[in-house]
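Student: Kindly generate the corresponding structure for this input.
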Amino acid sequence: MTEILAQYLATRARTEHLCAPLQVEDYIPQAVEFTSPPKWHLAHSSWFFETMILRKHLPGYRVFDDTYQFLFNSYYNNIGEQAARNQRGMITRPGVAEVYKYRKYIDSSISKLLSGTYDDEVRELLILGINHEQQHQELLLTDLKYTLALNPTFPVYDPGINLVNDENSTNGWLNISEGIHDIGHQSDGFCFDHESARHRVFLHEFEISKSLITNGEYIEFIADGGYQEFHHWLDDGWSWINRENINNPLYWHKTDGNWFNFTLAGLQAVNANAILSHVSWYEAAAYASWKGCRLPTEFEWEAASDKLNWGKRWEWTGSAYLPYPGFKITEGAVGEYNGKFMINQMVLRGSSVATAAGHSRKTYRNFFYPHSQWQFTGIRLAR
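Tutor: Next comes the predicted model:
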């Protein structure tokens, strides 16, 4: 077995392993527009390999089902029309069993393709597809958590998977002198297109926290009226918390004066020493203001990253999601992966406890809207 086939099969197996604790009813619901059902993630990640690779590169390939081209296309206009994003939970047919048959069909076809000769384009698309599925593994967990949290019985996904109890291992501040720093990906390894081109930035002297904000520290912000004091908030964030009645991080519940949070292991008491999770950029910026600090820019974060412990939470930065100098959108469907989303979103750096092992790197750029809370997001301060 070739190395790339082994990597492909391991990635596909992990996706299905994440679904092992589910009941069949868990595969279907779509709680809100920005989440997708587990069944859709299973099918879409297979659709990616079929559409981007097998249709073009495996001689004699026959599509599994013509309707899947429409049903499981996410946002690729180059491919064609897509089912409405907010109605993915209404796709009750094909059923779960049929989607698993689809996955096996794709795996068999990819194995057949890799048993022969293939060019660099196929290899590059396979690596992209593997990384794409790893992204969907994380989304599968976070989307599922959001859906389960709406169940008033607070169901347990897996009693051994809490994911929000990890604590900081360092503290204090790291000083970075002013100077010119190289930013962006530079190696023969894989990266997404928006991590390039490598370029230089000038940074003024700054300090960045070695630790992430804990639940206990954030509780102090709440107790001090942080959600009621408008001067901590940008106007857009102030409008959001009042419109949506936001008073605490996502999944937190206060009962008899004590804080509890919903986890994938069920409802549990908030660990004051654990790293804060599930806060929006608006909340992160407001907390930073309350502390007399700010969020680091993505360039400051990358310049300091070799001396930081990161990987427990996606870390909000103060940087808008924009192209690097020299960035070019690739022609065709693959070019729709990142570039067209460079508007109204903020950059996060690092990775989280839900990220697949080996998926991230210090140049990795994640991006979400500033009101997004459902990822495993946290706060690192700068000053």
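
Student: Pop the domain breakdown of the chain in here.
Tutor: Domain segmentation of the chain under automatic domain parsing yields 3-149, 173-378.

Student: among the ones you listed, which is nearest Glu167?
Tutor: Closest approach to Glu167 among the domains of the chain (CB to CB): domain 173-378, 5.2 Å. To be clear about C-beta, it is placed using only N, CA and C from the backbone, and glycine gets the same treatment.

Student: distance between that closest one and the chain's centre?
Tutor: 11 Å (CA atoms, centre = their mean, to the nearest Å).

Student: end to end, how far does it reach?
Tutor: With CA to CA, to the nearest Å as the measure, domain 173-378 spans 17 Å from end to end.

Student: Which parts of the protein are helices?
Tutor: 3-19, 38-49, 55-57, 68-71, 96-114, 120-149, 215-223, 235-244, 281-290, 298-304 (DSSP state H).

Student: Mean neighbour count added to the domains of the chain, as CSV?
Tutor: Below are the domains of the chain laid out as CSV (neighbours: other CB atoms under 10 Å):
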stretch, mean neighbour count
domain 3-149, 17
domain 173-378, 17
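
Student: so which of those gets nearest Pro159?
Tutor: For the domains of the chain, the distance to Pro159 is smallest for domain 173-378, at 5.2 Å, taking CB to CB.

Student: measure Ser177 to Ala10 for me?
Tutor: From Ser177 across to Ala10, the span is 42 Å (CB to CB, to the nearest Å).

Student: meant to ask about Pro152, not that
Tutor: For Pro152, the distance to Ala10 equals 37 Å [CB to CB].

Student: quick revisit: any chance of the domains of the chain in JSON lines, with distance to Val156 and mean pLDDT too?
Tutor: Rendered in JSON lines, the data for those read as follows (distance: least, CB to CB, whole Å; pLDDT from 0 to 100):
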{"stretch": "domain 3-149", "distance to Val156": "9", "mean pLDDT": "97"}
{"stretch": "domain 173-378", "distance to Val156": "4", "mean pLDDT": "97"}
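
Student: For those, give me a markdown table that also has distance to Leu163.
Tutor: Formatted as a markdown table, those follow (distance: least, CB to CB, whole Å):
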| stretch | distance to Leu163 |
| --- | --- |
| domain 3-149 | 8 |
| domain 173-378 | 5 |
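
Student: To Asn162, which of those lies closest?
Tutor: With CB to CB as the measure, domain 173-378 is the member of the domains of the chain nearest Asn162 (4.6 Å).

Student: I'd say Ala83 and Phe70 touch.
Tutor: Yes. Applying CB atoms under 8 Å as the test, Ala83 and Phe70 come out as touching, 6.1 Å apart.

Student: any idea how far Gly237 lies from Pro21?
Tutor: In this view, Gly237 and Pro21 are 36 Å apart by CB to CB.

Student: ignore the last one, Val353
Tutor: When Val353 is compared with Pro21 (using CB to CB), they lie 17 Å apart.

Student: so how far is His278 from the residue of the chain positioned farthest from its centre?
Tutor: What lies farthest from the middle of the chain is Gly60; by CA atoms, centre = their mean that is 35.8 Å. Using CB to CB, Gly60 is found at 48 Å from His278.

Student: Then Leu174?
Tutor: Using CB to CB, one gets 25 Å for the distance from Leu174 to His278.

Student: Include distance to Asp188 when you put the helices of the chain into TSV, please.
Tutor: Output for those, formatted as TSV (distance: least, CB to CB, whole Å):
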stretch	distance to Asp188
helix 3-19	15
helix 38-49	23
helix 55-57	23
helix 68-71	34
helix 96-114	21
helix 120-149	12
helix 215-223	41
helix 235-244	41
helix 281-290	33
helix 298-304	19
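
Student: Those helices: which one's closest to Asn273?
Tutor: Evaluated over the helices of the chain, closeness to Asn273 peaks at helix 215-223, with 6.4 Å, by CB to CB.

Student: Just the C-alpha atoms of the closest one, please, in CSV.
Tutor: This file holds the C-alpha atoms of helix 215-223, laid out as CSV (Å, rounded to 0.1, in the frame of the first residue of the first chain):
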residue,chain,number,x,y,z
ASN,A,215,-13.1,30.0,32.5
GLY,A,216,-12.4,31.5,35.9
GLU,A,217,-10.9,34.6,34.4
TYR,A,218,-13.9,35.0,32.1
ILE,A,219,-16.3,34.5,35.0
GLU,A,220,-14.8,37.6,36.6
PHE,A,221,-15.6,39.5,33.4
ILE,A,222,-19.2,38.3,33.5
ALA,A,223,-19.5,39.1,37.3
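
Student: Can you name the residues in contact with it?
Tutor: With contacts defined as CB atoms under 8 Å, 6 or more residues apart in numbering, helix 215-223 is touched by 247-249, 259, 270-276, 279, 286-287, 290, 379.

Student: Mind doing that once more with 7 Å?
Tutor: Residues lying outside helix 215-223 but in contact with it, judged by CB atoms under 7 Å, 6 or more residues apart in numbering, are Asn248, Pro249, Trp259, Val270, Asn271, Ala272, Asn273, Ala274, Leu276, Tyr287, Trp290.

Student: ok, so of these, who is nearest Cys191?
Tutor: Using CB to CB, Leu276 comes nearest to Cys191 of these, at 28.6 Å.

Student: Look up phi and psi at the closest one.
Tutor: Dihedral pair for Leu276: phi -60, psi 150, per degrees, to the nearest 10.

Student: Name all residues that make contact with it.
Tutor: Leu276 sits next to Leu212, Ile213, Thr214, Asn215, Tyr218, Pro249, Gly378, Ile379 when contact means CB under 7 Å, 6+ apart.

Student: go on, Trp240?
Tutor: Ile246, Tyr282, His371.

Student: quick one: the closest residue to Tyr287 other than its chain neighbours from Thr377, how far?
Tutor: Distances taken as CB to CB, 6 or more residues apart in numbering place Phe221 nearest to Tyr287, at 5.3 Å, with adjacent residues excluded. Distance of Phe221 to Thr377, given as CB to CB: 16 Å.
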